[in-house]
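Student: Sequence and predicted structure, then a few things I'm wondering about:
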Amino acid sequence: MTINKEDPLQKWFKEHLVVMTVGGDKKQEENLRRQIEEKAREKLTEKKKKYKVVIEWGSTGGETKTYYFDTEKEKEFFAYGVDEANGWMDYKIIEEDK
């Protein structure tokens with residue numbers, strides 16, 4: 001089971017943002033859409049959050065993504081989760097406490 005939660009801003013972008021290139025290159029269009037979404041998210045959250053982490057995802061440095069946190073503890077927990085997940089492609093929850 002893979003959990004994929006879409007936040008409201010991401011949903012809004014999917015419904016309203018249209019990116020087209022002259023040559024119709026879908027990969028380039030998707031990369032541009034992601035860059036626009038990331039910059040808008042950065043601008044909307046930069047004053048609300050104190051801590052920022054920029055991660056370059058992929059073994060070949062394919063994509064960067066910026067994350068913001070209210071506290072240093074949240075940032076540390078996120079970094080710990082990223083470190084724990086490093087090397088795994090997918091996961092499923094076997095057991096969970098409520």
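Tutor: Here it is on my side, so go on.

Student: Can you report how many residues neighbour residue 55?
Tutor: Residues lying near residue 55 (other Cβ atoms under 10 Å) number 13. Using the backbone N, CA and C atoms, a C-beta is placed for each residue, glycine as well.

Student: and the closest residue to it other than its chain neighbours, what element?
Tutor: What sits nearest to residue 55 in space, not counting adjacent residues and going by Cβ to Cβ, 6 or more residues apart in numbering, is residue 65, at 5.7 Å. Secondary structure assigned from DSSP states H and E places residue 65 in strand 63-69.

Student: going on from that strand, what's the next piece of helix or strand?
Tutor: Note on strand 63-69: by DSSP H and E, the next helix or strand toward the C-terminus is helix 72-85.

Student: pLDDT (mean, whole number) over that following helix?
Tutor: Throughout helix 72-85, pLDDT has a mean value of 91.

Student: And the contacts of it?
Tutor: By Cβ atoms under 8 Å, 6 or more residues apart in numbering, the surrounding residues in contact with helix 72-85 are 50, 51, 53, 55, 67, 69, 91.

Student: which strands and helices sit next to the longest helix seen in the chain?
Tutor: Identified as the longest helix of the chain according to DSSP state H is helix 26-45. Applying 3 or more Cβ pairs under 8 Å, 6 or more residues apart in numbering; DSSP states H and E, we find helix 26-45 packed against helix 8-16, strand 63-69.

Student: Give the other helices and strands that the last one contacts.
Tutor: Secondary-structure packing of strand 63-69 (3+ Cβ pairs under 8 Å, 6+ apart): helix 26-45, strand 51-57, helix 72-85.

Student: Adding distance to residue 17, write the ones you listed out as CSV.
Tutor: Below are the helices and strands packed on strand 63-69 laid out as CSV (distance: least, Cβ to Cβ, whole Å):
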stretch, distance to residue 17
helix 26-45, 6
strand 51-57, 21
helix 72-85, 26
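
Student: buried stuff in the helix or strand of the chain with the lowest mean pLDDT?
Tutor: Counting by mean pLDDT, DSSP states H and E, the weakest-scoring helix or strand in the chain turns out to be helix 8-16, with a mean of 82. If you call a residue buried by 16 or more other Cβ atoms under 10 Å, then helix 8-16 has these buried ones: residue 13.
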